[in-house]
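> quick one: sequence plus predicted model below, questions after.
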Amino acid sequence: MYNVFVLSLKSMDSLFPGTITDQDIRAFQEDGAICLRDVFSQKWIDVLRRGIEFNRLHPSEMARRKGHTPLFFHDYGNWDGIPEFKEFIFQSPVGEIAARLLQSSVGTCEDLHFRLMF
């Protein structure tokens with residue numbers, strides 16, 4: 001069992017009731033991963049697209065390229081340097097989704113966004 005505290009500013013967008021079902025929670029608990037479709041509005045998809053494009057054009061020093069194409073790379077620890085990523089973390093329903101799946105509560109915090117304790 002995981003004890004997960006999802007810390008974020010109060011989400012501007014909340015999930016509709018029933019978006020995360022009891023069946024989803026059970027599947028996540030049993031399998032460790034699930035596919036949730038259509039839980040983010042187009043607004044949040046666009047925010048992430050802009051953040052990814054910025055990250056692609058301005059990778060951090062932690063970036064590692066894969067293969068010969070500039071589209072495939074890993075970059076870590078950059079959420080607080082890319083405004084769109086920070087906006088998604090603190091204002092989208094991602095914290096609420098994680099909390100429901102992990103059966104945890106959502107708190108508030110200005111600095112931290114996820115703290116995992118096993």
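Here it is on my side, so go on.

> going by C-alpha atoms from here, please, whenever you check contacts or count neighbours.
Will do.

> from residue 63, how far off is residue 89?
In this structure, residue 89 lies at 20 Å from residue 63, with Cα to Cα, to the nearest Å as the measure.

> show me the shaky parts of the chain.
1-14, 16-17, 65-72, 106-118 (pLDDT under 70).

> longest helix in it, please.
Taking DSSP state H as the criterion, the chain has its longest helix at helix 42-57.

> okay, it in CSV with CA atoms only?
In CSV, the C-alpha atoms belonging to helix 42-57 read as follows (Å, rounded to 0.1, in the frame of the first residue of the first chain):
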residue,chain,number,x,y,z
GLN,A,42,-8.0,20.4,-24.4
LYS,A,43,-6.8,23.4,-22.5
TRP,A,44,-4.4,21.2,-20.4
ILE,A,45,-3.3,19.3,-23.5
ASP,A,46,-2.4,22.6,-25.1
VAL,A,47,-0.6,23.8,-22.0
LEU,A,48,1.5,20.7,-22.0
ARG,A,49,2.2,20.9,-25.7
ARG,A,50,3.6,24.4,-25.3
GLY,A,51,5.7,23.3,-22.4
ILE,A,52,7.1,20.3,-24.3
GLU,A,53,7.9,22.5,-27.3
PHE,A,54,9.7,25.0,-25.0
ASN,A,55,11.6,22.1,-23.4
ARG,A,56,12.5,20.6,-26.8
LEU,A,57,14.0,24.0,-27.9
